[in-house]
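Asker: Task: produce atomic coordinates for the following.
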Amino acid sequence: MKKIAFYLLCISFTALWSCNKDSDNSIPLRAIVVTPESISLEIGKTIRIKATPEPSDATDVSFSWESADEAIATVNAKGIVSGKEKGTTIVTVKSGDIKKEIPVTVTHSLNITIGSTTYKVDTLKYELLADGIHWVKLSIPEFVNGLSSLGRGLVINAVEVDLTYPENKLEVWNAMMNTANSNRETPINAFNYVKKEMEPAGRKPVALTNGDFYVLDEHLPSIINNNNKKDYSGYQRRRPHGMEVTNGKIIQTPFSDIYAHKHVQALVIHDNGFPDYAFSVSFAGSVKTKNETFTLSDVNGFAKEGELVLFNNRAFSFLDYSKPTELALDSALAWSPYTSTMVSLSHPQGGWKVNEAMKFTVTDIEHDVETEPAPNAGLKLERRGKRFNGEGAILVGNPTSPGLDNGAKKFLSSLKVGDEIEVTTEVKVNGIKAKDKQLSIIGTHSGGPMLKDGVITNTWNEAHPRTVIGYSQNQKKAYLLVIDGRQSNYSVGATTGQAAYILKALGAYTGLNLDGGGSSAMIVNGATANKPSDNPQRPVANGLMITTKK
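Answerer: As a prediction, this is how the structure comes out:
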């Protein structure tokens with residue numbers, strides 16, 4: 001037994017000695033060697049960092065990677081760094097307690113060819129506003145537009161939105177019409193009220209620009225300017241030229257001023273969220289009761305003798321800012337140059353939409369209503385049309401001649417409270433009834449696209465501040481640009497052709513011109529990003545905005 005115990009003891013010592021020998025063979029890591037030791041890359045590019053242990057035969061080594069600021073650059077498990085936004089950060093590789101830091105610089109450089117000249121472009125600002133939404137501020141110090149004596153320079157603010165991200169949307173905003181600004185709103189004020197409106201739904205605007213041209217007083221038709229020696233022009237002065245639709249709700253049909261034939265071109269945003277150019281948009285409507293169907297002539301506009309018009313709760317004409325905001329945001333102001341019948345309606349069942357009948361319930365009827373011409377600023381609200389609060393819409397029907405009870409006036413007089421009616425607002429795009437139900441539309445310059453199928457056309461050979469909208473060939477990316485102008489040796493302005501070169505360089509395949517000059521403004525996250533040539537910022541009729549989730 002003693003011999004057996006002795007042998008067992010020897011075996012134990014042998015095993016212990018063997019284990020100690022094995023542990024003595026482990027080689028500790030002393031450092032991590034990386035190649036390269038610092039990197040610089042462009043936004044959207046990638047570089048791989050190679051990490052090796054020091055000594056090379058160090059045991060139990062595994063590397064992990066992290067970026068100090070993933071908004072600037074990210075790194076994966078293989079050490080591949082991706083540039084995301086202009087700036088600097090640190091990428092760290094670790095194994096146990098040993099680490100190595102690699103400085104990373106992300107740059108954004110660009111050369112743009114405008115006409116026959118290639119310009120170096122300086123990036124003044126590059127910021128990721130949200131997933132799939134980038135804002136860049138560019139300067140072309142040596143740019144000369146060839147048309148002005150203001151010297152050199154061009155400053156551009158551009159926002160690119162990837163519309164394949166489900167939360168990202170390109171939308172149309174409409175002005176909170178009021179006396180002080182003649183039915184217009186400044187883009188900065190528009191951003192603030194849109195932000196407030198969107199909060200309950202968990203959404204927000206991130207970028208916003210001006211939009212369509214607006215109607216000048218001298219271009220209003222005589223039927224508004226001087227009806228029975230009363231001036232009703234104030235109800236529609238400074239409204240946009242073209243059609244305006246927001247998520248299926250028509251704000252305005254193509255405006256019938258003295259140049260009505262020019263105001264049919266538009267940017268259409270389809271139900272899938274993707275933008276499209278239309279060389280022609282048009283409106284047709286009808287109101288159907290149990291026994292009769294009547295033509296709807298206009299929305300939020302004026303009805304001629306015998307005609308029928310619809311006012312919805314986006315008809316904010318002469319908004320009274322002394323009223324609570326909640327009241328103002330659910331308020332329609334109806335008016336007519338004629339003694340009319342006005343019918344109040346509920347909100348539409350299932351919400352607003354185009355190209356499909358909407359069902360409403362009649363909530364009130366008023367006969368022989370007379371409204372006053374729109375007054376100048378400062379006069380009492382009671383003299384401004386007829387205001388309806390809390391109603392979904394108002395139908396206004398006129399007789400064919402004063403004193404008669406016929407036409408649309410008679411059609412509405414046959415209704416009673418509680419009746420259900422159907423209203424259809426039909427939108428045709430390029431002569432074909434659109435399939436979309438929730439589309440948005442904003443009017444564009446009548447000269448046609450300045451960039452079409454990748455081909456540039458100079459539709460306006462004058463150098464001005466510019467606001468333009470473009471989109472990629474697959475329509476999945478949109479580009480909002482504001483180019484400053486009329487500012488010596490800072491930003492001298494551009495023609496539409498020059499603006500088209502810039503749009504194309506950024507990725508656009510189609511580009512459309514919006515209102516420019518003193519109207520051009522871009523708001524990013526609640527601050528004015530550009531330097532508008534008007535001071536203070538000019539009120540405008542409507543605009544485009546990029547929105548996303550909060």
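
Asker: low pLDDT regions in the stretch 101-250 of the chain?
Answerer: Across the stretch 101-250 of the chain, residues meeting the criterion (pLDDT under 70) sit at 177-182, 221-234.

Asker: One more pass at 80, please.
Answerer: Within the stretch 101-250 of the chain, the stretches with pLDDT under 80 are 176-183, 217-237.

Asker: would you list every one of the strands in it?
Answerer: 110-114, 117-130, 133-139, 155-162, 169-174, 203-210, 244-246, 249-252 (DSSP state E, counting those that start in this stretch).

Asker: and the ones you listed as TSV, adding mean neighbour count and distance to K409?
Answerer: Backbone N, C-alpha and C define where each C-beta goes, glycine included. Supplementary listing: these in TSV, determined by neighbours: other C-beta atoms under 10 Å; distance: least, C-beta to C-beta, whole Å:
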stretch	mean neighbour count	distance to K409
strand 110-114	16	58
strand 117-130	16	51
strand 133-139	20	50
strand 155-162	24	47
strand 169-174	22	29
strand 203-210	25	39
strand 244-246	26	27
strand 249-252	24	23
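
Asker: Walk me through the domains of the protein.
Answerer: 31-106, 110-168+444-549, 231-239+246-264+272-438 (automatic domain parsing).

Asker: what about the helices in this structure?
Answerer: With helices called from DSSP state H, the chain shows them at 2-24, 187-198, 222-225, 325-328, 407-413, 496-506.

Asker: Format the strands of the stretch 101-250 of the chain as TSV; extra columns: distance to K195.
Answerer: Written out in TSV, the entries for the strands of the stretch 101-250 of the chain read as follows (distance: least, C-beta to C-beta, whole Å):
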stretch	distance to K195
strand 110-114	31
strand 117-130	14
strand 133-139	16
strand 155-162	16
strand 169-174	11
strand 203-210	6
strand 244-246	16
strand 249-252	19
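
Asker: Between these, which one is closest to T92.
Answerer: Comparison of the strands of the stretch 101-250 of the chain against T92 by C-beta to C-beta identifies strand 117-130 as nearest, at 21.7 Å.

Asker: Export stretch 64-72 to CSV, keeping only CA atoms.
Answerer: Coordinates of each C-alpha in stretch 64-72 appear next as CSV, following Å, rounded to 0.1, in the frame of the first residue of the first chain:
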residue,chain,number,x,y,z
SER,A,64,-12.9,44.2,-30.9
TRP,A,65,-13.6,47.5,-32.7
GLU,A,66,-15.6,50.6,-31.8
SER,A,67,-16.1,54.1,-33.0
ALA,A,68,-16.2,57.1,-30.6
ASP,A,69,-18.8,58.8,-32.9
GLU,A,70,-20.8,56.6,-35.2
ALA,A,71,-22.4,59.6,-36.8
ILE,A,72,-19.0,60.5,-38.3
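
Asker: N168 against L129, yeah?
Answerer: No - between N168 and L129 there is no contact, the gap being 10.0 Å when judged by C-beta atoms under 8 Å.

Asker: shared neighbours of those two, anything?
Answerer: For the pair N168 and L129, residues contacting each of them under the criterion C-beta atoms under 8 Å, 6 or more residues apart in numbering are 546, 548.

Asker: Most tightly packed of the domains of the chain?
Answerer: Across those, the average number of neighbours (mean count of other C-beta atoms under 10 Å) peaks for domain 110-168+444-549, which reaches a mean of 20.

Asker: and the end-to-end length of it?
Answerer: As for domain 110-168+444-549, its first-to-last residue distance stands at 30 Å under the measure C-alpha to C-alpha, to the nearest Å.

Asker: Just give me how far that domain sits from the chain centre.
Answerer: 14 Å (C-alpha atoms, centre = their mean, to the nearest Å).

Asker: still on that earlier bit, out of the strands of the stretch 101-250 of the chain, which gets nearest to R30?
Answerer: For the strands of the stretch 101-250 of the chain, the distance to R30 is smallest for strand 117-130, at 38.7 Å, taking C-beta to C-beta.

Asker: Each with direction, which strands does the closest one pair with?
Answerer: Under the criterion DSSP bridges, strand 117-130 sits next to strand 110-114 (antiparallel), strand 133-139 (antiparallel) in its sheet.
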